[in-house]
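S.K.: Quick one, what's the 3D model for this:
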Amino acid sequence: MRIRPIVLIPSLITVLGVSMAVLHSQQRSATAVESVAAAPVQADPVQRRYPVVPSDPTSTATLLAEVETALRDPTTPQQQLPDLGHQQQVIYRVLSADVPHSQLVLAALPQRWRSVAERHLAARREFLRMSRGRRPSVLPAWRIIEPEPAEQLISHYKKAEAATGIAWEVLAAVNLVETGMGRIDGVSVANAQGPMQFLPTTWAEAGIGQGDIRDPHDAIQAAARYLVRRGGLQDIRRGLWGYNNSDYYGKAVMLYASLIEEDPSAYTGLYHWEIHFNADTGDLWLPVGYIQRTPISVQDYLRRHPSSRAPQ
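M.R.: Coordinates of the predicted model:
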């Protein structure tokens, strides 16, 4: 779909978190342009705080096990899920950057969660490999919005799977690492657009884009068709290489997909991951409501919104 690496949050980058998780290459963050006219930046998040990760490995392992359990427990109140998912995301982001510490946490985790944690850390580290080098000092011209409801997105993924044969878990993982399940509303430096980050030229190819490039349903269906065209039914890694020309990208997507395939309730945590940006000052949280007309320096943004910085 495009020949450029991205990182989530979730970067992302996505993304994801994601990365994030999301999506944070230096070039993209320095030159991205907005998709909508808006006020300069958002108000600080109300009654929500950047999650804290304990410094003690045993305490971190205990917290992580509690979070993973609660995210999969159908009796957990819905209003608690955003903070639980964000806590999960931040733990993995912190641990991924500190291998010795993460090994101590893994050793202290109950056996039930070790493979889960290992795959989360491996996926995040693939994205870190993609973004090696100087971290950006400029935040992008993005709007961070609420994603469509989780069940609605799942229905889009499963409809695309039924039509094409591309596993819904893979489509969910691509959506996660491209835009945090649609939270990032912006245009990349390469002009990729919408929740699945299509180039308009790719969208216009016969049999790929149908409908609105910015609509989650339409974009997810098109992503499945594109993966088929790039050989994804024969080898999903080959299809993902067509989506983003990086082995790191394909490995990370498949790791996230494997978590959902093994346990569909793992989707709950991933759905609630926030947008984080791996800036030169450290990991920054860009909450829903972030609106930036033009790129802004990290330092200027933090002077206005210090709560986006990780707690010391």
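
S.K.: okay, CA-based contacts and neighbour counts for the rest of this
M.R.: OK.

S.K.: then stretch 177-189 to PDB, C-alphas only?
M.R.: What follows is stretch 177-189, C-alpha atoms only, in PDB (Å, rounded to 0.1, in the frame of the first residue of the first chain):
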ATOM      1  CA  VAL A 177      -0.900  -0.600  14.300                       C
ATOM      2  CA  GLU A 178      -2.000   1.800  11.500                       C
ATOM      3  CA  THR A 179      -4.300   4.200  13.500                       C
ATOM      4  CA  GLY A 180      -5.000   2.700  16.900                       C
ATOM      5  CA  MET A 181      -8.400   1.300  15.700                       C
ATOM      6  CA  GLY A 182      -9.200   4.500  13.900                       C
ATOM      7  CA  ARG A 183      -8.200   7.000  16.700                       C
ATOM      8  CA  ILE A 184      -5.700   8.800  14.500                       C
ATOM      9  CA  ASP A 185      -7.500  11.000  12.000                       C
ATOM     10  CA  GLY A 186      -4.800  12.600   9.900                       C
ATOM     11  CA  VAL A 187      -2.900  12.400   6.600                       C
ATOM     12  CA  SER A 188       0.600  10.900   6.500                       C
ATOM     13  CA  VAL A 189       3.600  12.400   4.800                       C
END
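
S.K.: Pull the distance from it to the chain's centre.
M.R.: Stretch 177-189 has its C-alpha centroid displaced from the chain centroid by 9 Å (CA atoms, centre = their mean, to the nearest Å).

S.K.: quick one: average confidence on it?
M.R.: Regarding stretch 177-189, the rounded mean pLDDT is 87.

S.K.: ditto for stretch 282-302
M.R.: Here the average pLDDT along stretch 282-302 is 94.

S.K.: for this protein, which helix is longest?
M.R.: For the chain, the longest helix by residue count, based on DSSP state H, is helix 111-130.

S.K.: can you give me the offset of whichever helix or strand comes after that one from its chain's centre?
M.R.: Later in the chain than helix 111-130, the nearest helix or strand by DSSP states H and E is strand 138-139. Chain-centre distance of strand 138-139: 18 Å, with CA atoms, centre = their mean.

S.K.: Indicate each strand paired with strand 138-139 and its parallel or antiparallel sense.
M.R.: Looking at strand 138-139 with DSSP bridges, its partner strands are strand 296-297 (antiparallel).

S.K.: quick one: contacts of the partner strand?
M.R.: 137-141 (CA atoms under 8 Å, 6 or more residues apart in numbering).

S.K.: For burial, what's the neighbour tally of L153?
M.R.: A count of neighbours around L153, defined by other CA atoms under 10 Å, yields 20.

S.K.: Please read the previous query as pertaining to A123.
M.R.: 28.

S.K.: what's the spacing between it and E205?
M.R.: Distance, A123 to E205, using CA to CA, to the nearest Å: 31 Å.
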